[in-house]
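**Q** pasting the structure only:
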């Protein structure tokens, strides 16, 4: 079992290695947003990795296209495309920190 520490919510959840952050957060009933359902189409499930970037799956083409190099270089990842390998610490944006389309639906 691995853990995801959500720094800004002061919550730590257990997660199965190999699962996406999106599925792990939804299963733990955490406030992750998604409009596209995990297809890297909306960018609403982005999270900022505070600690443990090397403990996640590598950035893929869908993330590069959706987030761009600037956001990626600042530690942002798409939870739907990022798979947990070991313990990580993330920042989970609030609704008002996301694009307006993201406020329409929570995972």
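**A** Arrived safely. Every value quoted in this text rests on a predicted model; they were computed, and no experiment measured them. Numbers count the residues shown, from 1 in each chain.

**Q** switch to C-alpha atoms for all contacts and neighbour counts from now on
**A** Noted.

**Q** List the buried residues in whichever helix or strand residue 23 is part of.
**A** Assigned by DSSP states H and E, residue 23 falls within helix 21-27. Within helix 21-27, the residues scored as buried using 16 or more other Cα atoms under 10 Å are 21, 22, 23, 24, 25.

**Q** Distance to residue 101 and pLDDT for these - can I get that in CSV?
**A** Formatted as CSV, these follow (distance: Cα to Cα, whole Å; pLDDT from 0 to 100):
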residue, distance to residue 101, pLDDT
21, 20, 97
22, 18, 97
23, 20, 97
24, 22, 97
25, 20, 97
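
**Q** could you pull out the helices for the chain?
**A** In the chain, the segments counted as helices under DSSP state H are 21-27, 61-73.

**Q** can I get those helices in TSV with distance to residue 41?
**A** As requested, the helices of the chain are exported to TSV (distance: least, Cα to Cα, whole Å):
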stretch	distance to residue 41
helix 21-27	14
helix 61-73	7
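
**Q** who wins for proximity to residue 55 among those?
**A** helix 21-27 (11.9 Å; Cα to Cα).

**Q** For that closest one, which outside residues touch it?
**A** Helix 21-27 is contacted from outside by 15-16, 31-32, 38, 45, 79-84, 107, using Cα atoms under 8 Å, 6 or more residues apart in numbering.
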